[in-house]
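Trainee: what's the 3D shape of this:
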Amino acid sequence: MNSIYKYPLLYLNARFEENGIITLEKEQVHYLKNVLRKGAGDHLRLFNGVDGEWIARLGELGKKNGEAHLEERIKEQPTGGRRVHLFFSPIKKQRMDFLIEKAVELGVTDLHPVIMNRTENRKINDSRVSAQVIEAAEQCERLDIPVIHDLVKLPQALMDNKELSLYVAMERENGASSISNHSYAGDYGFIIGPEGGFDDNERTLLLSVEKIKPIDLGERILRVETAVVACLSYAQLSIT
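Mentor: Numbering: from 1, shown residues only. The predicted model follows:
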């Protein structure tokens with residue numbers, strides 16, 4: 001059984017059923033042929049975020065198209081897990097890549113890019129972020145794909161999620177308690193501010209919301225992507 005985990009794991013946006021034939025997209029054919037050096041008869045593992053994990057056998061791979069033949073399901077789709085939300089201010093390209101990758105690896109189910117008053121990067125390349133999320137999910141072998149929410153301003157993000165328990169990284173706030181003082185169970189989310197932190201109006205807004213708790217991440221001021229890793233790592237370890 002363990003030998004099957006040597007097969008590469010790929011996400012395909014298609015419905016799966018026993019003996020089904022899945023059409024591969026051009027980019028996937030290129031990756032399988034030219035990067036992984038796979039061909040007809042080779043096996044791989046597939047998931048679609050709905051139907052669990054499957055073993056499939058490759059058919060002939062052309063220049064622009066190919067097929068994968070589903071053989072058997074080896075894992076059921078996980079159900080009933082908690083939702084972990086991340087609200088973050090978009091940052092520059094390479095650092096943003098790191099943030100997305102690590103957030104997916106650390107179990108985030110919902111990514112919320114949020115425009116704040118000091119946000120420098122006010123545009124999101126949706127297709128790029130989607131590709132990064134899928135690649136990170138494949139790499140860490142999770143069987144679901146996190147939801148990427150629309151880019152909105154902070155007041156709108158709070159209004160849309162007013163029933164969610166939220167923890168905001170606000171280390172210079174007098175009322176902030178250590179991240180270790182909270183239990184992270186059920187559905188919850190973290191809010192990470194932009195470079196330079198929240199401005200006074202945002203701090204007032206955040207502290208006025210009943211379900212938001214300010215947390216302290218320690219004595220050092222962390223960069224956005226570092227704060228994301230710190231929050232998600234602690235929360236994940238605290239419930240294992």
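Trainee: next SSE downstream of the helix or strand of the chain with the lowest mean pLDDT?
Mentor: Ranked by mean pLDDT, DSSP states H and E, the helix or strand of the chain with the weakest confidence is strand 177-178, at a mean of 84. Using DSSP states H and E, the next helix or strand after strand 177-178 towards the C-terminus is strand 188-192.
Trainee: and the least confident helix or strand of the chain, how far from the chain's centre?
Mentor: The chain centroid and the centroid of strand 177-178 are separated by 25 Å under Cα atoms, centre = their mean, to the nearest Å.
Trainee: now stretch 133-152
Mentor: With Cα atoms, centre = their mean as the basis, stretch 133-152 stands 4 Å off its chain's centre.
Trainee: start to end distance for it?
Mentor: Start to finish, the residues bounding stretch 133-152 are 19 Å apart (Cα to Cα, to the nearest Å).
Trainee: picking up where we left off before, and the least confident helix or strand of the chain, what does it pack against?
Mentor: Packing contacts for strand 177-178, counted by 3 or more Cβ pairs under 8 Å, 6 or more residues apart in numbering; DSSP states H and E, involve strand 212-216. All C-beta spots, glycine's among them, are computed from the backbone N, C-alpha and C.
Trainee: now do the helix or strand following the strand it packs on: everything it contacts.
Mentor: Sequence-wise, the next helix or strand downstream of strand 212-216 (DSSP H and E) is helix 224-238. For helix 224-238, the surrounding residues in contact (Cβ atoms under 8 Å, 6 or more residues apart in numbering) are 84, 86, 88-89, 91, 95-96, 98-99, 102-103, 106-108, 167, 169, 179-180, 183-184, 188, 190, 192-195, 215, 217-218, 222.
Trainee: then stretch 13-24?
Mentor: Counting by Cβ under 8 Å, 6+ apart, residues outside stretch 13-24 touching it are 12, 32, 46, 48, 50-52, 54, 56, 59, 61, 65-73.
Trainee: now these: which count as buried?
Mentor: Among these, those classed as buried by 16 or more other Cβ atoms under 10 Å are 12, 32, 46, 48, 51-52, 54, 56, 59, 61, 66-68, 70, 73.
Trainee: show me which pair in these is furthest apart.
Mentor: Spatially, the most separated pair among the buried ones among the contacts of stretch 13-24 is G52 and L61, at 24.5 Å (Cβ to Cβ).
Trainee: show me what whichever strand or helix holds P155 is packed up against.
Mentor: Counting by DSSP H and E, the secondary-structure element that holds P155 is helix 154-160. The helices and strands touching helix 154-160, judged by 3+ Cβ pairs under 8 Å, 6+ apart, are strand 110-115, helix 200-208.
Trainee: so how far is T119 from G175?
Mentor: Shown here: G175 relative to T119, a distance of 24 Å by Cβ to Cβ, to the nearest Å.
Trainee: so between the two, which is more surrounded?
Mentor: Each of G175 and T119 had its neighbours counted (other Cβ atoms under 10 Å), and the higher figure belongs to T119 (20 against 9).
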